[in-house]
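Structure here, sequence nowhere to be found:
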């Protein structure tokens, strides 16, 4: 199953925007940088599990390297 709309909303609102705000990037710039750093290809074709793994890698990186604790999916409505 391809990633869900809820996952997509979570990703942009709880991962891309907070990191982009912190680093000074626009939404789409940050999205492209994250893809380039954490994916070999596009994020469009990821399954729900693969997409969650991608988000987890970013959350770990953000905490370890930037000191940003990002919201987890279960915390997002």
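Cool, got the structure. Just so it is clear, the model here is predicted, and its values are computed rather than measured.

Need the single longest helix in this protein, by residues.
Longest helix of the chain, by residue count under DSSP state H: helix 48-61.

For this structure, name the helix or strand with the lowest mean pLDDT.
When each helix and strand of the chain is scored by mean pLDDT, DSSP states H and E, helix 5-10 comes last, with a mean of 89.

tilt between whichever strand or helix holds residue 31 and helix 48-61?
Assigning secondary structure by DSSP states H and E places residue 31 in helix 27-38. Orientation check (axes from the mean of the first three to the mean of the last three CA atoms, to 10 degrees): helix 27-38 against helix 48-61 gives 90 degrees.

and stretch 35-53, which residues are buried?
43, 46, 51-52 (16 or more other CB atoms under 10 Å). (Each C-beta comes from the backbone N, C-alpha and C, glycine too.)

repeat for stretch 52-67
Buried residues in stretch 52-67, counted by 16+ other CB under 10 Å: 52, 54-55, 58-59, 61-62.

which of the residues you listed lies closest to residue 31?
Set against residue 31, the nearest of these by CB to CB is residue 58 (10.8 Å).
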